[in-house]
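Visitor: Need coordinates for the following:
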Amino acid sequence: MSDESPLIRSLRAAVAAAPDDVPLRLHLAELLLQAGRDDEAVSEAAVALQHAPGDADARALMGRAMGLPQEPTTPPAPAAPDPRVPGAPRPAEDPRGREDFDWAAAEQEVGGIVPPRFVDGTETPLTVDGLGDDPDGADAWDVDAPGAVRLADVGGMQEVKDRLEAAFLAPMRNPELRKLYGKSLRGGLLLYGPPGCGKTFIARAVAGELGAGFLSISLSDILDMYIGASEKNVHDIFETARAQAPCVVFLDELDALGAKRSRSHHSGLRNVVNQLLTELDGIAADSNDGVFVLAATNVPWDVDIALRRPGRLDRTLLVLPPDATAREAILRYHLRDRPIEAVDLGKLVKATEDFSGADLAHVCETAAETALLDSARTGTVRMIDTRDLMGAARQIRPSTDPWFAAARNVATFANDGGMYDDLLAYLKRKRKL
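Guide: Residues are numbered from 1 along each chain as shown. Down below sits the predicted model:
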């Protein structure tokens, strides 16, 4: 806003960079209240209460911004004797019990800002086995509608896109050719590579290319303390996908969901893998048509070999750290809403080779923290520049290095069936062998 004071503008930028800092947000709310911007002060106080529901300062500021009667700050007068008990003092009146204040109206006023602390009790109650009273458990799984994210939205990584098109997408898009060559819609794709390199984003882009729903599943969604419940969850997930086909089922952290049964000491996990194998095969012929299974893992060597047999997750794709084009796109994305000036992206891209997408986000966050602290010390907001970003890049080591150190041994000495040929070629090209 053009009429804002420089201090308020500075505090807004600081709060945007550190949204969890409750005292900083309350300081901004106090200044807004002093400037007569009561509604904005209420909003900031409400966000502070979301982070710290019991904060007395936030509650007091919210009350002042809403014009509520304030409790006296002077010590209360001695309680008058209670006429019901001879010689006993009269109980002090609780200011929260005032009958002249409409608490229901106040609740409605901030209802769109502060979410309810507790549910209203209308949810389906759990039965004694913890599975709920809904006879159709598949309804509990929400499938995201076909999204707008496409492979064109993935910056760079052209080699990954080409492999996806050749090995997975082209047969799906051409039903006549698929019929001519006898290619079924069964089977899935396993994405593997260092952490933080965009495997989940690529899976969503594949769903967008296919115009399919997206159902993301992790270990915490499946495991249950009751015997047989975990296997039922796996079955319900695939039943939901079959009912809402075309649908992409994305199994995140497959090494946790489908760990090698020979190494698992917990019968529940072994049963989950067995159920997962059954669902991948399909209960009946062609029952999985229109269900596209994608999985991601950082450690494919820990995945049960049975999951990679033909008809299951029989294709693999190595997702490497973003190339120069992808790094530039990622950096632009994470700097888009931050105050920057004269940033030399080309220089920064060269300095961040082998950085994952998560590492690049960390670089931008660290540079923003540096500029924020300088602004707080000097009282003047300054922009993020190349020096801040290069300094952050020098402080951060690529998180992909430990992964390549472990993967090198596996690719060199345990490359059964040529599964890691792509990884070996990359290591030779980068002279990491």
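
Visitor: Map the structural domains onto the sequence of the chain.
Guide: The record's domain parsing of the chain by automatic domain parsing lists 1-68+106-115, 137-318, 324-397.

Visitor: what's the closest of these to residue 424?
Guide: domain 137-318 (10.2 Å; Cβ to Cβ). No exception for glycine: its C-beta is placed from N, CA and C like everyone else's.

Visitor: now the closest one, how far from the chain's geometric center?
Guide: 19 Å (Cα atoms, centre = their mean, to the nearest Å).

Visitor: Show me the shaky parts of the stretch 101-250 of the chain.
Guide: 101-140, 167, 183-187 (pLDDT under 70).

Visitor: ranges for the helices of it?
Guide: Assigned by DSSP state H, counting those that start in this stretch, the stretch 101-250 of the chain shows helices spanning 103-109, 158-164, 170-173, 175-180, 199-210, 219-222, 229-243.

Visitor: export these to CSV and tack on distance to residue 10 and mean neighbour count?
Guide: Formatted as CSV, the helices of the stretch 101-250 of the chain follow (distance: least, Cβ to Cβ, whole Å; neighbours: other Cβ atoms under 10 Å):
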stretch, distance to residue 10, mean neighbour count
helix 103-109, 29, 11
helix 158-164, 42, 17
helix 170-173, 52, 15
helix 175-180, 59, 10
helix 199-210, 34, 21
helix 219-222, 41, 16
helix 229-243, 49, 20
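
Visitor: Ok, which of the ones you listed comes nearest residue 404?
Guide: Nearest of those (Cβ to Cβ): helix 199-210, 16.0 Å.

Visitor: contacts for that closest one?
Guide: Contacts of helix 199-210 with the rest of the structure, by Cβ atoms under 8 Å, 6 or more residues apart in numbering, involve 144, 146-151, 153-154, 157, 160, 164, 168-169, 172-173, 189, 191-193, 213-214, 216, 246, 248, 250, 252, 292, 294, 296, 319.

Visitor: before we move on, what about stretch 153-170?
Guide: So stretch 153-170 is contacted by 151, 189, 198, 201-202, 205-206, 209-210, 315, 317, 319-320, 322-330 (Cβ under 8 Å, 6+ apart).

Visitor: Repeat the analysis, applying 7 Å as the threshold.
Guide: For stretch 153-170, contacts defined as Cβ atoms under 7 Å, 6 or more residues apart in numbering pick out 151, 189, 201-202, 205-206, 209, 315, 317, 319, 322-323, 325-326, 329-330.

Visitor: same check, this time on stretch 400-411
Guide: Taking Cβ under 7 Å, 6+ apart as the rule, stretch 400-411 contacts 194-195, 298, 301, 321, 354, 356, 420, 423-424, 427, 432-433.

Visitor: Which stretches in this structure count as strands?
Guide: 188-192, 213-217, 247-251, 291-297, 315-318 (DSSP state E).

Visitor: which one of these lies closest to residue 60?
Guide: Comparing these by Cβ to Cβ, strand 213-217 comes nearest, at 41.8 Å.

Visitor: For the longest helix seen in the chain, which helices and strands make contact with it?
Guide: Ranked by residue count under DSSP state H, the longest helix found in the chain is helix 357-378. Applying 3 or more Cβ pairs under 7 Å, 6 or more residues apart in numbering; DSSP states H and E, one finds that helix 357-378 makes contact with helix 6-17, helix 324-335, helix 386-395.

Visitor: Just the CA atoms of it, as CSV, please.
Guide: C-alpha atoms of helix 357-378 as CSV (Å, rounded to 0.1, in the frame of the first residue of the first chain):
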residue,chain,number,x,y,z
GLY,A,357,15.6,-29.1,-6.1
ALA,A,358,15.3,-29.1,-2.3
ASP,A,359,18.9,-27.8,-2.0
LEU,A,360,18.1,-24.9,-4.4
ALA,A,361,15.1,-24.0,-2.3
HIS,A,362,17.3,-24.0,0.8
VAL,A,363,19.8,-21.7,-1.0
CYS,A,364,17.0,-19.1,-1.6
GLU,A,365,15.7,-19.4,1.9
THR,A,366,19.2,-19.0,3.4
ALA,A,367,19.9,-15.9,1.2
ALA,A,368,16.6,-14.4,2.3
GLU,A,369,17.5,-14.9,6.0
THR,A,370,20.7,-13.1,5.5
ALA,A,371,19.1,-10.1,3.9
LEU,A,372,16.3,-10.1,6.5
LEU,A,373,18.8,-10.0,9.4
ASP,A,374,20.7,-7.2,7.8
SER,A,375,17.4,-5.3,7.4
ALA,A,376,16.5,-5.9,11.0
ARG,A,377,19.9,-4.7,12.3
THR,A,378,19.9,-1.5,10.1
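
Visitor: just how off-centre is that helix within its chain?
Guide: With Cα atoms, centre = their mean, you get 21 Å for helix 357-378.

Visitor: Contacts for that helix, please.
Guide: 10, 14, 17, 196-198, 322, 327, 330-331, 334-335, 338, 352, 381-384, 388-389, 391-393, 395-396, 398-399.

Visitor: Please indicate which of these are buried?
Guide: 10, 14, 17, 196-198, 322, 327, 330-331, 334-335, 338, 352, 381, 384, 388-389, 392-393, 398-399 (16 or more other Cβ atoms under 10 Å).

Visitor: Okay, buried residues for the longest helix of the chain please.
Guide: Result for helix 357-378 [16+ other Cβ under 10 Å]: buried residues 357-364, 366-368, 370-372, 375.

Visitor: One more: stretch 273-285?
Guide: 273, 275, 276, 277, 279, 280, 282.

Visitor: Let me see the contact set for residue 353.
Guide: Contacts of residue 353 (Cβ under 7 Å, 6+ apart): none.

Visitor: okay, how far is it across stretch 250-262, tip to tip?
Guide: Terminal residues of stretch 250-262 lie 24 Å apart, using Cα to Cα, to the nearest Å.

Visitor: Which pLDDT value goes with residue 270?
Guide: On pLDDT, residue 270 comes in at 82.

Visitor: Isn't it up against residue 261?
Guide: Yes. Contact criterion Cβ atoms under 7 Å: residue 270 and residue 261 qualify, at 4.8 Å.

Visitor: What is the burial count for residue 414?
Guide: By other Cβ atoms under 10 Å, the residues close to residue 414 number 10.

Visitor: go on, residue 403?
Guide: There are 19 residues near residue 403, going by other Cβ under 10 Å.

Visitor: how near is it to residue 243?
Guide: 37 Å (Cβ to Cβ, to the nearest Å).
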